[in-house]
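Enquirer: Using only what follows, build the 3D model:
(3 chains)
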Amino acid sequence: MSIHAVPARSFVTAGRIAVPVLLVAGWAAAAALTPEVATVGASLSAVAGAWADGTLRPDVADTLQAVIAGFALSAVMGIPFGVWAARRTYTYQVVEPLFSSTAAVPRIVLLPIFLSLFGITVNAKIAIAVSAAIVPIVLTSMAGTRTVNPTLIKLGRSLEMSRWTLLRRVIVPAALASIMSGLRIGFSLALLAVILSEFVAATSGIGLRIQSAYSLQQLPLMYGLVVLVVLVGLAGNLGIWFLERRAAR
Amino acid sequence: MTAWDRDPAARGDVVVDEVRMTYVSEGRTTVAIENASGTVRKGRFVSIIGPSGCGKSTLLDIVAGLTRPTSGQVRIGGESVTSPRRDFPMVFQDDSTLHWRTVLDNVALGLEIAGVPKAERRARARDILGVVGLRGFEHHRPRQLSGGMRQRVAIARALVMEPAMLLMDEPFGALDQQTRTLVGIELLRIWEETRTSVLFVTHDIREAVTLSDEVWVMSRRPSTILDVVHVDLPRPRDTDVLRSAQFEGYVGVLWDLIQAEVASAMREQERAAS
Amino acid sequence: MSVLDLGGIRMSIRPALGRMPAWATRVVVVAALLTAWHLAVAGGLVSSLTVPAPLDCLRRLPGILGTAAFWSDAARSLRTTVEAFAAAAAIGVLAGALLTRLPVVARILEPYIVGAYAVPVVVFYPTFLVVFGLGTAPIVLTAFLMAVVPVLMTTMVALSELRPTHRKLARSLACTRWQAFRSILLPSALPLLLPGLKLGFVYAMAATVGVEFIVADAGLGFRIGELYRNFETVDMYVHILAMIAVAAGFNSLFNLLERVIRKDLA
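Expert: Predicted coordinates:
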């Protein structure tokens, strides 16, 4: 079997390298076809230029600050709450539908509420990031905890583990994969919520810059910034993935 | 020797002819089946027993046309079996009923796939449900039935295909001991009614003796068919037969044949694990 | 029987007798939240100019539900959502089925499909706007991209978790590929497939309303943004609450559908 798997493995690696190359090639082809798509080079140099002249840095810093603060708050509140609620079947039955039914509410419609409470400040951005990120984090923490093998919990009890040890040594490690997938989704939703809220009302941030580039028809900068947001999302996920690997060891 | 003994394939007998099966894994060749030959005569009930991991199920898959042997072949009526055949239906160890279908539609599944019109396949499925003793359960769903009843649904689904041979892969392996015995007795009754050729894989010696005309004993890997024991117990195999000294004699003979194989297979597994 | 055993029994009986059904407790929780909101406004903790009292919203509700504008907005959002979802469901399931047949391609794409969850697809919206112009096309496209990822992923998981016995059964009956898919594999995968479809719908709806809020000329999202910009706070809150109710309603609808189909399976 592995005789066939060896060429397949290098083929897979080559294919994985080819995918982003093809995506960029597709972008370049689209740019060649229509002036409404900025070229790859122009987009990257527009972003590099804005970064170099110092005008982009505060925007990136403000966006990241709001995303990271909102994400961290969501994790700190959401994971313990999810694990706690899922350990009690009745609480779980009461709470789970409340969270899962709010998943369909686009966070951006809550923005007016946060703006009226906090004004156009970083706090409004953090609040909307929390409202977006906490739901998947709570839901996956609950799902992960619910699926912990009951035999493991019995084993922990028979070893007379304290509640804390049981939580730390048995429940959280068993639920970790699920919790981590929730953190990844939560991070990208927090990023999205902050960017979108910056489209609507902000004094700084990447979203605001995308919005103004759109209004001023600075297409290369707009495309470049969209790519920057995608890269921030991927970088955040990669970071969480590394944490997961370290925690799993 | 009678005429059909000389030309067994012509009579709907299934001939396993020098089947050999090897796997290549991690660059190493493993011989799963060294050499297996035998004939399931039309209308006979044949069991295969052997230590676990000996390739019994692999042999059954080869006979079913689900797996191609490395060399050798399986023939019926002079024709080589190279792909799955609807007249070689299989009954599996796990519950294979489709839970979203009623019992009747589960039994009719193979006929549906074969393109038999609805009215006809339903009528035939209904008849077979009578044979396996599930009349009245046509509109139940599998979840409403016990494990033993679900296996009878699977047997009915196979029988409705009017099989040239029925293939059974440890069909009672997932059932508890009491259910297993009762469903075994039920299968005995069904078989005596239908007299279909059966190839039955099991690791339960008593089950094999209870049901079979012939028991093939397989060795551990690389497997061969060590011996064929003809079970000349009278039919119907009622309680008197199953409690006879003769019955226990066959169990003893098979146990003696298999004991050494099981013990050395276990030692081998332990060595592989350490 | 020891005292300890009795204790165990008492513990197991008490919840069954003493507790309301979960949905009733849920209603109480929601009512408590609304009451807290009301008290916060009535007590002057927050200004009623920025946050209206829930009772004021309730009083305004019939007036808004009576307008044609509300229903045409709702219909517009729903239509966009359904179009995007239908495309995502069809393409996601087919692509997922295709990828399970092409394991090498699936292995190549796997990290990118998982990574697609990390991409806030909605930020592509301005680029779609530039290319396709105003209108519903960019909204449908954005919502489609959001919805197709969970559908594709759950399809692949659902098909990979199929019982081997079901596959073997399909082969032993000499099914054609289509027969195997339609009669055995698809219904068998359905309980795992449905949550993915539900998530896809949820994402399509969130993306639709979200984009409407930013740039559109109709739809619930647009209306909420419009009311916000005009400082019509009470009407805005009523629309937000209506939006939450519609979203929760669809969530329950999918749950119901799931239960009906699963009961069928059971």
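Enquirer: contacts, neighbours, all on C-alpha from now
Expert: Fine.
Enquirer: in terms of contact, does B:Leu129 touch B:His139 like I think?
Expert: No - in this structure, B:Leu129 is not within contact of B:His139 by C-alpha atoms under 8 Å, at 11.4 Å.
Enquirer: intersection of neighbour lists for these two?
Expert: Counting by C-alpha atoms under 8 Å, 6 or more residues apart in numbering or on different chains, the shared contacts of B:Leu129 and B:His139 are B:Leu104.
Enquirer: mind checking the SS state of B:Phe137?
Expert: Of the three states, B:Phe137 takes coil under DSSP: H, G, I helix; E, B strand; the rest coil.
Enquirer: Apart from its chain neighbours, what residue comes closest to it?
Expert: Spatial nearest neighbour of B:Phe137, chain neighbours left out: B:Val103 (6.7 Å); criterion: C-alpha to C-alpha, 6 or more residues apart in numbering or on different chains.
Enquirer: Can you report how many residues lie near the residue lying closest to C:Ala22 once chain neighbours are set aside?
Expert: Distances taken as C-alpha to C-alpha, 6+ apart put A:Val94 closest to C:Ala22, at 4.9 Å, once the chain neighbours are dropped. By other C-alpha atoms under 10 Å in any protein chain shown, 19 other residues sit near A:Val94.
Enquirer: From C:Val28, how far out is A:Val94?
Expert: Counting by C-alpha to C-alpha, to the nearest Å, the separation of A:Val94 from C:Val28 is 10 Å.
Enquirer: I'd guessed A:Gly156 sits against A:Leu166; true?
Expert: Yes - using C-alpha under 8 Å, A:Gly156 makes contact with A:Leu166 at a distance of 6.1 Å.
Enquirer: Neighbour count for B:Leu129 and B:His139, which is higher?
Expert: Taking neighbours as other C-alpha under 10 Å, B:Leu129 and B:His139 compare with B:Leu129 leading, 25 against 12.
Enquirer: what does the helix or strand containing the more buried one contact?
Expert: Assigned by DSSP states H and E, B:Leu129 falls within helix B:118-131. With contacts defined as C-alpha under 8 Å, 6+ apart, helix B:118-131 is touched by B:104-105, B:107-108, B:111-112, B:135, B:138, B:153, B:156-157, B:159-160, B:190.
Enquirer: what residue ranges in the stretch 151-274 of chain B score low on pLDDT?
Expert: Applying pLDDT under 70 to the stretch 151-274 of chain B flags no residue at all.
Enquirer: Please work out which residue of it is closest to chain A.
Expert: Using C-alpha to the nearest C-alpha, the closest approach of the stretch 151-274 of chain B to chain A is made by B:Pro222 at 19.2 Å.
Enquirer: Which neighbouring elements make contact with the helix or strand hosting A:Gly233?
Expert: Counting by DSSP H and E, the element that carries A:Gly233 is helix A:219-248. For helix A:219-248, the elements it packs on are helix A:40-52, helix A:172-200, helix A:206-215, helix C:125-132, judged by 3 or more C-alpha pairs under 8 Å, 6 or more residues apart in numbering or on different chains; DSSP states H and E.
Enquirer: And the next helix or strand past the helix or strand bottoming out on mean pLDDT in chain C?
Expert: Using mean pLDDT, DSSP states H and E, helix C:3-18 stands out as the lowest-scoring helix or strand of chain C, at a mean of 40. For helix C:3-18, the following helix or strand on the C-terminal side (DSSP H and E) is helix C:22-42.
Enquirer: Buried residues, that following helix. List them.
Expert: By neighbour count on 16 or more other C-alpha atoms under 10 Å in any protein chain shown, the buried set for helix C:22-42 is C:22, C:25-26, C:37-38, C:40-41.
Enquirer: And it, how far out from the chain middle?
Expert: The chain centroid and the centroid of helix C:22-42 are separated by 23 Å, computed with C-alpha atoms, centre = their mean, to the nearest Å.
Enquirer: And the contacts of it?
Expert: With contacts defined as C-alpha under 8 Å, 6+ apart, helix C:22-42 is touched by A:90, A:93-95, A:98, C:46-48, C:51-55.
Enquirer: follow-up on the earlier one: burial measure for the residue of the stretch 151-274 of chain B closest to chain A, as a count.
Expert: Residues within reach of B:Pro222, counting by other C-alpha under 10 Å, total 17.
Enquirer: Please apply the same query to B:Ser83.
Expert: For B:Ser83, using other C-alpha under 10 Å, the count is 16.
Enquirer: Just the pLDDT at the nearest residue to it once chain neighbours are set aside, thanks.
Expert: Spatially, and ignoring its direct neighbours in sequence, B:Ser83 is nearest to B:Gly65 (4.4 Å; C-alpha to C-alpha, 6+ apart). Note for B:Gly65: predicted pLDDT of 90.
Enquirer: these two touch, right, B:Gly65 and B:Pro89?
Expert: No - counting by C-alpha under 8 Å, B:Gly65 stays clear of B:Pro89, with 10.4 Å between them.
Enquirer: Give me the common contacts of these two.
Expert: By the contact definition C-alpha under 8 Å, 6+ apart, B:Gly65 and B:Pro89 are jointly contacted by C:Ser172.
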